[in-house]
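Q: Give me a 3D structure for the following:
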Amino acid sequence: MKADLDDMLAQLQGVRRSGDGYVALCPAHEDKHPSLSVTPADEDQVLVNCHAGCTFEEIAEKLDLPKPEGGREILEAYNYHDTEGNLVYQVVRFWPKEFRQRRPDGGGWIWKLDGTDRLPYRLPKIIKAVEEGRRVFLTEGERDVHSLENLGFVATCNSGGAGKWYPSMTEALQGAHVIILPDNDEAGEKHTQHVNGELTGAKSVEVCRLPDLPPKGDVTDWVRAGGTAEELKKLVTEGGRPQRYTLLDAVKSVGKWRTETMPEGIDYPWGGVNRKTRGLRPGWFCILAGYPSAGKTAAALEVLFTASKRGKRVLLNSLEMNAEEIGIRLTQRWGLDTDRLYRGALTDEDREAMDIAENFPFYSNVELVHERKMSELEAIVADRRPELVVVDYIGIMDMEGDNSYEGTTRLSQSLKSLAREYAVPVLALSQLSRPQDKHKVTPPTMFDLRASGALEADADQIIIVFRDDSQDERESVSEGRFIIAKSRHAKAGQPVKFNFDGRQQIFTEIDEAYQKALKRWGTGGAE
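A: Predicted coordinates:
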């Protein structure tokens, strides 16, 4: 900008020499450590920059500076590019504060956008972020986008500010995980509600209202007041202020299934359980519980085996068994005898089982990790974007210094948030508390979950693996049942009977109608 350097420095506090210019306390915010740089440029030009994020307009309002010749001066031009990175148009910011748009015309500019497609700001970055499954923050202005980029996030906005929205924005955010950061004013609220209704093709949409914003404040104000990347991640993960969402919004959200197919869930490998639970739906937090050695891990492996066979990407966070132990379990399905394996007395049948297991290409759809910290698990989910997450098991994840009850509560809430945030079913294994009378085994309920208060409240679905006897899960064959202890949008309470083959680690559902028919029409004739 054009200004007299000496006149400007005389109006600033805490001025000292720094390199080719000066630093001073910024007059536009409560500055305790000099954050304003003032650098002389050509002739009577002065470069002014507040490293805390204050705009030139805000600084100029606090100083007695001459108005630019001609009434205004360009401060910044925001470039809007197409998918190939070509410049399509600019939003130009002037001082005194004014915004105009222009498009290139050979060596000059046309100061109107007639017939020009409006594009999202930072479009090439958005496309890459959607492909990588990263969050995309949606703000009301280019300055806010830059503030978020400085924190390491991907962000965008539409040109024209609040109240403007174009079909190209909706199209660019198809399949994206969108976080809307509204300004703290009525226009921001209206814009948020409108945009929320337009983003029908986004994979997920959340509204995060930043705490302690001043009236008309935005994310740049929040960052300038000390907001950090970690704090914003926490607000997004744990939820900020409650979103304003009416019953009409809820009903309208169902309408998109008129023309679109609802995302498929993950089927259980047992038809009876599937019919009673509707499977593992995206965004659900589900629990597979049982007494020790009841067959929880074997059941979970069957679930991910079936899911991977159908082409689903699965993430198994195994904290109880290492990779080799899991490999042994899966190879048992094809006839591997573990007694002979551990004695070093393998037969041709065992070697054939290994050959069969190694030649199932869909096993590569399952990624195996061993992460005790919830933050590390979330980072992997954010990066890999699996279609099913299995945690084996809750009780040995890192409680981060909390006691058992508080730690389980925290993990339960975090796993539920993980499912919602990434629209992925999370199947977590959990132990049941042993009955006081070990000789009297009764069918358990969800109230038998260890530290059950949070788990039973947070879970969308709870299935209990129960066997009437106390046989070890490696025993030959035993009978039991899957108890549907809780199921959202479906009927709970009715058991599904099974036979469990411990040698092959396979559950086989018992067809009760068929069993009744055998009794009625068996060798002895009719009952």
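
Q: what's near enough to touch Val465?
A: For Val465, the contacting residues are Leu288, Ala289, Gly290, Ala294, Gly295, Lys296, Ala299, Gly480, Phe482, by CB atoms under 8 Å, 6 or more residues apart in numbering. In short, each C-beta sits where N, CA and C put it, glycine included.

Q: In strands, which of these fall?
A: For the contacts of Val465, membership in strands holds for Leu288, Ala289, Gly290, Gly480, Phe482, with DSSP state E as the criterion.

Q: does the third one really touch Phe466, like I thought?
A: Right, Gly290. Yes: counting by CB atoms under 8 Å, Phe466 is a contact partner of Gly290 at 6.6 Å.

Q: These two: which has the busier surroundings?
A: Legend: neighbour count by other CB atoms under 10 Å for Gly290 and Phe466, higher for Gly290 (26 against 22).

Q: what's across from that one in the sheet?
A: In this structure, Gly290 bridges to Gln431, Val465 when assessed by DSSP bridges.

Q: What mean pLDDT does stretch 390-400 get?
A: On average, the pLDDT along stretch 390-400 is 79.

Q: Hmm, I typed the wrong one, I wanted stretch 335-349.
A: Stretch 335-349 comes out at a mean pLDDT of 86.

Q: Could you give me the buried positions within that stretch?
A: If you call a residue buried by 16 or more other CB atoms under 10 Å, then stretch 335-349 has these buried ones: Gly335, Leu336, Asp337, Thr338, Leu341.

Q: what about the stretch 51-200 of the chain, any weak spots by pLDDT?
A: For the stretch 51-200 of the chain, residues meeting the criterion pLDDT under 70 lie at 53, 57, 65-73, 95-97.

Q: Apply 80 and report the result again.
A: 51-75, 94-99, 160-163, 200 (pLDDT under 80).

Q: those strands in it, which residues are they?
A: Applying DSSP state E, counting those that start in this stretch to the stretch 51-200 of the chain gives strands spanning 73-81, 87-95, 98-105, 108-110, 135-138, 155-156, 177-180.

Q: Enumerate every residue touching Ile483.
A: Contacts of Ile483 (CB under 8 Å, 6+ apart): Pro443, Pro444, Thr445, Ile463, Ile464, Phe466, Pro495.

Q: Among the ones in strands among the contacts of Val465, which one is most surrounded by other residues?
A: Ala289 (30 neighbours).

Q: how much space between that residue and Thr445?
A: Distance, Ala289 to Thr445, using CB to CB, to the nearest Å: 10 Å.

Q: Overlap in contacts, the two.
A: Joint contacts of Ala289 and Thr445 (CB under 8 Å, 6+ apart) are Ile464, Ala485.

Q: follow-up on the earlier one: nearest to Thr261, of the contacts of Ile483?
A: Ile463 (26.3 Å; CB to CB).

Q: Which of the three states applies to the closest one?
A: Of the three states, Ile463 takes strand according to DSSP: H, G, I helix; E, B strand; the rest coil.

Q: so it touches Ala485, yeah?
A: Yes: with contacts counted by CB under 8 Å, Ile463 reaches Ala485, the gap being 6.9 Å.

Q: Looking at these two, which is more packed in?
A: Ile463 (28 against 24).

Q: wait, isn't Val23 in contact with His33?
A: No: Val23 is beyond contact range of His33, at 9.4 Å (criterion: CB under 8 Å).

Q: more neighbours, those two?
A: Val23 (20 against 10).

Q: Please name the residues that touch that one.
A: Listed by CB under 8 Å, 6+ apart, the contact partners of Val23 are Gly14, Val15, Arg16, Pro34, Ser35, Leu36, Ser37, Val38.

Q: what about 10 Å?
A: 12, 14-17, 33-39, 51 (CB atoms under 10 Å, 6 or more residues apart in numbering).

Q: Can I have the buried ones of those residues as a ChimeraX selection?
A: Burial among the contacts of Val23 is assessed by 16+ other CB under 10 Å; the matching ChimeraX selection reads:
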select :12,15,34,35,36,37,38,39
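
Q: which of the contacts of Val23 lies closest to Asp105?
A: Of those, the one sitting nearest to Asp105 (CB to CB) turns out to be Thr39, at 32.9 Å.

Q: for Ser147, what are its contacts?
A: Contacts of Ser147 (CB under 10 Å, 6+ apart): 53, 137, 139, 141, 153, 155, 181, 218-224, 227.

Q: out of the residues you listed, which are buried?
A: Applying 16+ other CB under 10 Å to these flags 53, 137, 139, 141, 153, 155, 181, 218-224, 227 as buried.

Q: Out of these, which sit inside helices?
A: Here DSSP state H is the test, and the buried ones among the contacts of Ser147 give Val219, Thr220, Asp221, Trp222, Val223, Arg224 as lying in helices.

Q: so where's the stretch 201-350 of the chain shaky on pLDDT?
A: Checking the stretch 201-350 of the chain against pLDDT under 80 turns up 237-247, 249-265, 293.

Q: Check the contact between Leu418 and Glu376; I expect there is one.
A: No: counting by CB atoms under 10 Å, Leu418 stays clear of Glu376, with 11.9 Å between them.

Q: Those two - which one has more neighbours?
A: Neighbour totals were compared for Leu418 and Glu376, and Leu418 leads with 22 against 14 (other CB under 10 Å).

Q: quick one, strands of the stretch 401-527 of the chain?
A: Going by DSSP E, counting those that start in this stretch, the stretch 401-527 of the chain shows strands at 426-431, 461-467, 477-487, 495-501, 506-509.

Q: Now tabulate the ones you listed in CSV and tack on mean pLDDT.
A: Output for these, formatted as CSV (pLDDT from 0 to 100):
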stretch, mean pLDDT
strand 426-431, 90
strand 461-467, 87
strand 477-487, 83
strand 495-501, 84
strand 506-509, 83
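
Q: Ok, which of those comes nearest Glu320?
A: The nearest among the strands of the stretch 401-527 of the chain, by CB to CB, is strand 426-431 at 8.4 Å.

Q: Give me the distance from the closest one to the chain's centre.
A: 19 Å (CA atoms, centre = their mean, to the nearest Å).

Q: cool, and stretch 322-339?
A: 33 Å.

Q: Check the chain for its longest helix and report it.
A: The chain, longest helix under DSSP H: helix 404-422.

Q: any idea of the angle that one forms with strand 426-431?
A: Angle, helix 404-422 to strand 426-431, by axes from the mean of the first three to the mean of the last three CA atoms, to 10 degrees: 160 degrees.

Q: average model confidence for helix 404-422?
A: pLDDT averaged over helix 404-422 gives 81.

Q: Quickly list the domain ranges of this structure.
A: 5-66, 123-255, 271-516 (automatic domain parsing).

Q: Out of the contacts of Val23, give me the two with the largest separation.
A: Pairwise across the contacts of Val23, and taking CB to CB, the largest span is found between His33 and Thr39, at 18.4 Å.

Q: right, and the strands of the stretch 51-200 of the chain - which one's nearest Glu58?
A: Glu58 sits nearest to strand 87-95 of all the strands of the stretch 51-200 of the chain, at 10.7 Å, using CB to CB.

Q: Relative to the whole chain's centre, how far out is the closest one?
A: So, by CA atoms, centre = their mean, the centroid of strand 87-95 is 34 Å from its chain's centroid.

Q: Alright, that wraps it up for me.
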